Every structure is written in structure tokens, then in C-alpha cells.
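In: How does the following fold in three dimensions:
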Amino acid sequence: MYLTAFAWGTAEAARAAGRPVWLFGRARGLERLAAFGFRLAFALALLGPLLWLAFPALHKLDPLWTEGRYQLVGAAGAVLAAAGAMLAFAAQMSMGSSWRVGVAEGATGALVSGGLYRFSRNPTFLGQFILLTGVTLAIPAVPTLLAPLLFLWSAATQIRSEERELKQALGADYSRYLATVPRWIGFHRRTSS
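Out: From the prediction side, this is the model:
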């Protein structure tokens, strides 16, 4: 359901912006690997368990596969995944026409610093990481464990590129935002002026 909401939100942002917001096709170098990593992380989380169920020989080799023995952990993982999905989608939608999937020179939107973006410069990535971590707890398996790890690397790579581009495009406003809001989560920090 989250991936459907993500696609719909991305299409709405493109409509609102009046231009494409899917920038992964313009990615180069590490950004291209990060773009692939995001896709692979979600594919592992979604398709990995399905493959394990379709081919029992695979899940019998998986040391993490629990055959549903830890239902409380699984239920907690499902709740965590749902909370992460809601956080990610809320953050995405609050970006409005500034929403982008990927980074490209000259394709930034206006600075969004209110709402969830007061506590994290990357609440969408934070929500997606929580979602994938929840899937790992709900369905422990090698593919679901690899998904949040690969996602974390991809997000860290993407964030560094985005920050460089946003500093260049938005100047002092973005530098002030960087100085007061943490990359992942927290509260406003005071800066000395």
C-alpha cells in the first residue's frame, strides 16, 4: 500500500510542480547506485518473503526465517512498518511541489522547513527506514534484513548529494536550516549568531 501511495504522491507533486519530479534517470555515479539501492531495498522487502514462501528450500536455508514462531515481535514489526509508512507519506505530501525523487542540478524546489521538517531534514527517508525495519521484524529473513541496511546506505549517499545541491541552489536559507535541524531526527538546535 505504501508504494502505491508513494507513486500517487509523486504523480501529484509532478502535476503541482508542472514538471517531472522523478530525477533518478538523471543520476550519475554514486547517486545512480543509490537510486538502484532504493529500488532494490523495497524489492527485497516486498518480494523476498514471497520468494521464500514460493520456494520453501530457500527459507529452509535462511537462518533468520522463524516460520511465524514469534508472533508478538511480528505484530510489533507490523505496527512499526505502518507507522513508518504513515510518517514517510505525510512527509512526502507536506513537500508539495518541492517533492523530488532523486537529485539533479537545477531541479530543486523551494525550501520546506515546517511541519515534520522542523525535526528532521529527511523525515521521508526516516519513515521509509522505519517501515523497512518494521518489515524485518514482522518477517525476519535475510532479504528483509538486507533491505533496511541497503536503504540506509542509499539514503546517506542521496542525502549528501541533495545537501550539496540545495546549498548551491538555496544559499544562506538552506545553510541556516542545516545549522538548526538535524539530518535524521531531533529538535531545533540554537545557533550562535
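In: Going by neighbour count, list what's buried in the worst-scoring helix or strand of the chain on mean pLDDT.
Out: Every helix and strand of the chain was ranked by mean pLDDT, DSSP states H and E. The lowest is helix 56-61, at a mean of 86. Of all the residues in helix 56-61, those buried under the rule 16 or more other CB atoms under 10 Å are 58-59. Bear in mind the C-beta positions are built from the backbone N, C-alpha and C, glycine included.
In: And the contacts of it?
Out: 51-53, 65, 141 (CB atoms under 8 Å, 6 or more residues apart in numbering).
In: do that again at 7 Å, thanks
Out: 51-52, 65, 141 (CB atoms under 7 Å, 6 or more residues apart in numbering).
In: got it, and stretch 119-139?
Out: So stretch 119-139 is contacted by 2, 41, 45, 49, 73-74, 76-78, 80-81, 83-85, 87-88, 91-92, 116-117, 144-145, 147-148, 151-152, 155, 159, 181-187 (CB under 7 Å, 6+ apart).
In: mind listing what Trp99 touches?
Out: 10, 13, 21, 92, 109.
In: hang on, isn't the last one packed against Ser98?
Out: Put plainly, it is Gly109. Yes. Using CB atoms under 7 Å, Gly109 is in contact with Ser98, at 2.8 Å.
In: re the thing from before, kindly reformat the contacts of Trp99 as a markdown table containing neighbour count.
Out: Converted to a markdown table, the contacts of Trp99 look like this (neighbours: other CB atoms under 10 Å):
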| residue | neighbour count |
| --- | --- |
| Thr10 | 17 |
| Ala13 | 23 |
| Val21 | 22 |
| Gln92 | 23 |
| Gly109 | 18 |
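In: Sitting in helices, which of the residues you listed do you find?
Out: Applying DSSP state H to the contacts of Trp99, the entries found in helices are 10, 13, 92.
In: how much space between the residue nearest the centre of the chain and Gly96?
Out: Against the mean C-alpha coordinate of the chain, by CA atoms, centre = their mean, the closest residue is Phe125 at 3.0 Å. Taking CB to CB, to the nearest Å as the criterion, Phe125 is separated from Gly96 by 18 Å.
In: likewise Gly106?
Out: Distance from Gly106 to Gly96, by CB to CB: 19 Å.
In: where exactly do the helices run in this protein?
Out: 2-17, 29-54, 56-61, 71-94, 123-138, 142-170, 172-180.
In: so of those, which one's packed in deepest?
Out: helix 123-138 (a mean of 23; mean count of other CB atoms under 10 Å).
In: Could you export it as PDB, CA atoms only?
Out: Output in PDB follows, covering the C-alpha atoms of helix 123-138 (Å, rounded to 0.1, in the frame of the first residue of the first chain):
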ATOM      1  CA  PRO A 123      11.500  12.700   7.500                       C
ATOM      2  CA  THR A 124      10.500  10.800   4.400                       C
ATOM      3  CA  PHE A 125      13.800   8.700   4.500                       C
ATOM      4  CA  LEU A 126      13.300   8.300   8.200                       C
ATOM      5  CA  GLY A 127       9.800   7.000   7.700                       C
ATOM      6  CA  GLN A 128      10.900   4.600   4.900                       C
ATOM      7  CA  PHE A 129      13.700   3.300   7.100                       C
ATOM      8  CA  ILE A 130      11.300   2.700  10.000                       C
ATOM      9  CA  LEU A 131       8.900   1.000   7.500                       C
ATOM     10  CA  LEU A 132      11.700  -1.400   6.300                       C
ATOM     11  CA  THR A 133      12.900  -2.100   9.800                       C
ATOM     12  CA  GLY A 134       9.300  -3.000  10.800                       C
ATOM     13  CA  VAL A 135       9.100  -5.400   7.800                       C
ATOM     14  CA  THR A 136      12.300  -7.000   9.100                       C
ATOM     15  CA  LEU A 137      10.800  -7.600  12.500                       C
ATOM     16  CA  ALA A 138       7.400  -8.700  11.000                       C
END
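In: Alright, that wraps it up for me.
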